[in-house]
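Asker: I'll drop the sequence and a predicted model, then ask my questions.
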Amino acid sequence: MRALRLALRQVKYEERAFRRNPAAAFFTFAFPLIFLVILTVIFGNSDIEAGERVISGATFYVPAITALTVVNTCYTSVAMSWVYDRDAGVLKRIRGAPLPAWAFLFGRIAYAIIVMLALTVIVAAFGRLFYGVSLPGATAPAVVVTLAVGAFAFCALGLAVAAAIPNADAAPAIVNATALPLLFISDIFIPPDVGTPVWVERVSAIFPVRHLSEALQTGFNPFEAGAGFEPVHLGALAAWGVAGLLLALRFGSWEPRR
């Protein structure tokens, strides 16, 4: 029970540290909405083809930006903050403190997931109020499961990538280089009816961003007649998460690298 209380206290500490940096907090919540508005302006809110259905541009971009928030909060933020704290000696001091290492890690990841869920609600509400996007009804459980599996996968991958980053100076370049190209080829920024080359689609299908995007598109699709679950995409996400977790456990370090 004491270890659990420490873990929950660490979540509270993460929230307080986040709140005490108002500029970072503001842009964390503003960026998804900025992207949503800009992309709907650039590509329009007219009908686009999504599989066998025709949906509005905003209906496509709400789940797409939701996928972007998962990647940003659970992958980019986790990876870069871990490298920064590792090189600053924070992680080394944590290992020597009474706080269990797992409790520290739990607090960091749990708060990242809380921020991700808050951003998902904000993006969905914004899309509903300003673009008339339908919110998930019968497919809501599928959306929740997709977000949970996606959060696990990208947090694990963030820790795995952090293990491969040599120092804090290299963190932004490496993390962004492994995320941004996939965002452009995985139906996040560019709608599918633009005409992506077949070979690009095949490459993107290997990586987890595409699977997260496809699963969320199904969950938010107002024409979806079933429960909205995508077992293939969820299985691929889970496999990436397990691989990331194994790599993080094998190669992860709490010690600064010189």
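Answerer: Sure, I can see it.
Asker: for I55, helix, strand, or coil?
Answerer: The three-state label given to I55 by DSSP: H, G, I helix; E, B strand; the rest coil is strand.
Asker: against E255, how distant is it?
Answerer: Per CB to CB, to the nearest Å, I55 is found 49 Å from E255. Just so you know, the C-beta spots here come from the backbone N, C-alpha and C atoms, and that holds for glycine as well.
Asker: okay, now the residue nearest to R9 when sequence neighbours are not counted: neighbour count?
Answerer: Spatial nearest neighbour of R9, excluding adjacent residues (CB to CB, 6 or more residues apart in numbering): G107 at 7.7 Å. Residues near G107, counting by other CB atoms under 10 Å, number 21.
Asker: is it true that G107 lies in a strand?
Answerer: No - under three-state DSSP, G107 sits outside any strand and is assigned helix.
Asker: I55 and E255 - which one has more neighbours?
Answerer: More neighbours surround I55 than the other of I55 and E255, with 20 against 11 (other CB under 10 Å).
Asker: distance check, that one against N221.
Answerer: I55 is 7 Å from N221, by CB to CB.
Asker: one step back: pLDDT score for the residue nearest to R9?
Answerer: Note for G107: predicted pLDDT of 93.
Asker: and the one 4 residues further on, by the same measure?
Answerer: We note a pLDDT of 95 for Y111 in this prediction.
Asker: find the nearest non-adjacent residue to it, please.
Answerer: E14 (3.8 Å).
Asker: who are the packing partners of the helix or strand hosting that neighbour?
Answerer: Assigned by DSSP states H and E, E14 belongs to helix 2-19. In terms of contacts (3 or more CB pairs under 8 Å, 6 or more residues apart in numbering; DSSP states H and E), helix 2-19 is packed against helix 22-43, helix 101-131.
Asker: mind listing what's buried along it?
Answerer: Residues of helix 2-19 classed as buried by neighbour count (16 or more other CB atoms under 10 Å): 6-7, 10-11, 14, 18.
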